[in-house]
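Undergrad: Generate coordinates for the sequence data below:
(one chain, ligands or ions: 1)
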Amino acid sequence: MADPSGFLRHGREDAARRPVDERLGDWREVYRELPAAERDQRVGTQAGRCMDCGIPFCHSGSAGCPLGNLIPEWNDLVRRGDWAMAGERLHATNNFPEFTGRLCPAPCEAACVLAISPDAGGAVAIKRVESTIADVSWERGYVEPVRPAVSSGRRVAVVGSGPAGLAAAQQLTRAGHEVTVFERDDRLGGLLRYGIPEFKMEKKVLDRRLAQLRAEGTRFVTGCEVGGAGLPVSQLRADYDAVVLAVGALRGRDTDLPGRSLSGVHLAMDHLVPANRACEGDGPTSIDARGKHVVIIGGGDTGADCYGTAVRQGALSVTQLDQYPMPPSQRDDSRSPWPVWPWILRTYAAHEEGGSRRFAVAVESFEGDGAVSSIRLREVQVRKDPATGARSVVPVGDQVQELPADLVLLAIGFEGVEHMPLLDGLGLTLSPRGTVSCGQDWQTAAPGVFVCGDAHRGASLVVWAIAEGRSVAHAVDAYLTGASDLPAPVRPN
Ligand code: SF4
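TA: Next up is the predicted model:
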């Protein structure tokens, strides 16, 4: 039973961040570590703001948590100091709450009833509660390997070790199947390893979870291009009873604007991957922002990751461009009664660290002699066709502005699955969205081959990847055994 007046006595309190000067001196997570007792008390107070709503919009539905996280339940357990049970209830629906607690833009918070009224003090800081439960669970030894009670004797190959693949692998291993995860890179984790900077999630958080999966019996093979010389399709099909494709959607959206071929204009991932590799000790990064005027095109998560990375690399200036207008939370008229759509127009920790943002602008061209030295941009409006919902970007006025730029990073989204021999070998073609299609049982056109995560959905949130990984595990388990008790929180789109 929740505290019915907690939200009247306490406002929202997000996790405190370390001072900017301190965090720019390292790559560690931006959050300030509090003494355990103080942290537990503060997060307990925040959890106590939850009203245990009759219809908890945070928990499910079209706008809430895709995993169906039992948010009011564990909020109340934290309020009462029962961290062990809170950890148990959190893991009941989420394999990796330490990932979502750090990385998810929290549709649950946008859906929280307390977010609707500015006088209610803001949404419950659900992400903070979630990540703290997860961290406390690890600190106090509540997270243990869950070894399968029986063995099915069936073998499953999971291709890709991002959050969708890992969630599918953990669920299927625990159901008694012999699971091997194949990763083409030299280390495990996919985007979690080489796409997400340390300042958002330190790799030790990923590594401790991988150790749990190993202890449960999941096998891992790195440096293996499935469908190529590493594991030809014929051998894959002969050795495994089912295959799960969790290969992501990493084909970056590009542009053909004038000057795109100038050196110094790169896709965002070409900047982030070597920067993350450098943090892993692989030597200096190949695209370094040090001493450069950096312009980032695109206002989403990936752009913010480039932003924080460029600032830490010692950029001379960092400017992030967004076609959309300034978020309501930063305008004087911020007392809108409705929550801001959580994954557009967000402000990130990186934006406190220097640099600047420009809103409602679009690039016209990249300028330079061999190498980019500036960009030309115009003010724009994003218009929505009321009949079709299609958006278009329309210039406003004639004024063209010029901005110095000797490193330009394109963070304008992803177009789907990269070309890979595995898909050809399986006889699979991509949908017009660049993704792998499947039926309502998550099975592709190739019998016994399933798909989940960004490869199915297109580039999306970590919470959706985990939800799809759990759901595909249910489908594969049913395919192999005839029925499954595993949860399936979402359906294919
Ligand atoms: Fe608690 Fe907000 Fe969910 Fe209501 S919507 S149960 S207040 S977290």
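Undergrad: So which residues of the stretch 201-350 of the chain form helices?
TA: 203-216, 233-239, 268-279, 301-313 (DSSP state H, counting those that start in this stretch).
Undergrad: contacts for the last one?
TA: Read that as helix 301-313. The contact list for helix 301-313 (CB atoms under 8 Å, 6 or more residues apart in numbering) reads 24, 27, 105, 195-197, 199-200, 268-269, 271-272, 275, 285, 288-290, 294, 296-297, 318, 320, 322, 343, 346, 348-351, 353-355, 407, 409, 411. Bear in mind the C-beta positions are built from the backbone N, C-alpha and C, glycine included.
Undergrad: among those residues, which ones are buried?
TA: Neighbour counting by 16 or more other CB atoms under 10 Å classes 24, 27, 105, 195-197, 199-200, 268-269, 271-272, 275, 285, 288-289, 294, 296-297, 318, 320, 322, 346, 348-351, 353-355, 407, 409, 411 among these as buried.
Undergrad: Please narrow those residues to those residing in strands.
TA: Judged by DSSP state E, strands contain the following of the buried ones among the contacts of helix 301-313: 294, 296, 297, 318, 320, 322, 407, 409.
Undergrad: I'd like the residues you listed laid out as CSV, including distance to the ligand and pLDDT.
TA: Formatted as CSV, those follow (distance: CB to the nearest ligand atom, whole Å; pLDDT from 0 to 100):
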residue, distance to the ligand, pLDDT
294, 38, 98
296, 33, 97
297, 35, 97
318, 35, 97
320, 31, 96
322, 29, 92
407, 41, 98
409, 36, 98
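Undergrad: Return the member of those nearest to residue 415.
TA: residue 297 (15.4 Å; CB to CB).
Undergrad: Surely the closest one and residue 413 touch.
TA: No: contact status for residue 297 versus residue 413: not in contact, 10.6 Å apart, counting by CB atoms under 8 Å.
Undergrad: hang on, the earlier thing: and of the ones in strands among the buried ones among the contacts of helix 301-313, the nearest to residue 461?
TA: Once CB to CB is applied, the member of those that ends up nearest residue 461 is residue 322, at 19.1 Å.
Undergrad: Identify the residues contacting that closest one.
TA: Listed by CB under 8 Å, 6+ apart, the contact set of residue 322 reads 298, 299, 303, 345, 357, 358, 359, 360, 361.
Undergrad: Contact residues of the chain facing the ligand?
TA: Residues of the chain found near the ligand (CB under 6 Å from any ligand atom) are 50-53, 56-58, 71-72, 75, 112-114, 124, 126.
Undergrad: distance from the centroid: which residue in the protein tops it?
TA: The outermost residue of the chain relative to its centre, with distances by CA atoms, centre = their mean, is residue 398 at 38.0 Å.
Undergrad: Excluding sequence neighbours, find me the nearest residue to residue 245.
TA: residue 451 (4.4 Å; CB to CB, 6 or more residues apart in numbering).
Undergrad: Phi first, then psi, for the one you found.
TA: Main-chain torsions, residue 451, degrees, to the nearest 10: phi -140, psi 150.
Undergrad: So what pairs up with residue 410 in the strands?
TA: Beta-bridge pairing of residue 410 under DSSP bridges involves residue 267, residue 297.
Undergrad: got the contact list for the residue of the stretch 101-250 of the chain found nearest the ligand?
TA: In the stretch 101-250 of the chain, the residue found nearest to the ligand is residue 112; the distance is 3.4 Å by CB to the nearest ligand atom. Contacts for residue 112 (CB under 8 Å, 6+ apart) come out as 57, 58, 123, 124, 126, 339.
Undergrad: just checking, which of the residues you listed belong to helices?
TA: Using DSSP state H, the subset of these located in helices is residue 126.
Undergrad: Just the buried subset of the contacts of residue 112, please.
TA: Buried, going by 16+ other CB under 10 Å: 57, 58, 123, 124, 126, 339, out of the contacts of residue 112.
Undergrad: Identify all contacting residues around stretch 136-151.
TA: Taking CB under 8 Å, 6+ apart as the rule, stretch 136-151 contacts 36, 40, 83-84, 87-88, 90-91, 98, 173-176, 178, 208, 212, 215-217.
Undergrad: Now with 7 Å, please.
TA: The contact list for stretch 136-151 (CB atoms under 7 Å, 6 or more residues apart in numbering) reads 83, 84, 87, 173, 174, 175, 176, 208, 212, 215, 216, 217.
Undergrad: Ranking by neighbours, what's the top pick from these?
TA: In terms of neighbours by other CB atoms under 10 Å, these top out with residue 173 at 26 neighbours.
Undergrad: gap between that residue and residue 185?
TA: Distance, residue 173 to residue 185, by CB to CB, to the nearest Å: 21 Å.
Undergrad: Likewise for residue 437?
TA: Per CB to CB, residue 437 is found 26 Å from residue 185.
Undergrad: Let me see the domain layout of this protein.
TA: As assigned by automatic domain parsing, the chain contains the domains 6-139, 155-250+415-481, 265-410.
Undergrad: Out of those, which one sits most buried?
TA: domain 155-250+415-481 (a mean of 21; mean count of other CB atoms under 10 Å).
Undergrad: Do me a favour and get the end-to-end distance for it?
TA: Terminal residues of domain 155-250+415-481 lie 12 Å apart, using CA to CA, to the nearest Å.
Undergrad: Show me how far that domain is from its chain's centre.
TA: Domain 155-250+415-481 sits 15 Å away from the centroid of its parent chain (CA atoms, centre = their mean, to the nearest Å).
Undergrad: before we move on, back to that, from the contacts of residue 322, pick the one nearest the ligand.
TA: The shortest approach to the ligand among these belongs to residue 345, at 21.6 Å (CB to the nearest ligand atom).
Undergrad: which SS class is residue 474?
TA: helix (DSSP: H, G, I helix; E, B strand; the rest coil).
Undergrad: what pLDDT does it get?
TA: At residue 474, the pLDDT value in this model is 98.
Undergrad: Same question for the one 3 residues further on.
TA: We note a pLDDT of 98 for residue 477 in this prediction.
Undergrad: ok so, going back, could you export the domains of the chain to CSV, including columns for distance to residue 258?
TA: Shown next, in CSV, are those (distance: least, CB to CB, whole Å):
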stretch, distance to residue 258
domain 6-139, 34
domain 155-250+415-481, 21
domain 265-410, 4
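Undergrad: which one of those has the lowest average pLDDT?
TA: domain 265-410 (a mean of 87).
Undergrad: end to end, how far does that domain reach?
TA: End-to-end for domain 265-410, by CA to CA: 8 Å.
Undergrad: Could you do stretch 364-376 as well?
TA: 5 Å.
Undergrad: about what we covered before: find the pair from the ones in strands among the buried ones among the contacts of helix 301-313 with maximum spatial separation.
TA: The span of these, defined through CB to CB, is set by 322 and 407 at 18.1 Å.
Undergrad: for stretch 84-98, how far is the first residue from the last?
TA: End-to-end distance of stretch 84-98 (CA to CA): 15 Å.
Undergrad: Contacts for it, please.
TA: Here stretch 84-98 has contacts from 67-70, 73-74, 77-78, 100, 130-131, 133-137, 142, 163, 167, 170, 205, 209, 466, 470, using CB under 7 Å, 6+ apart.
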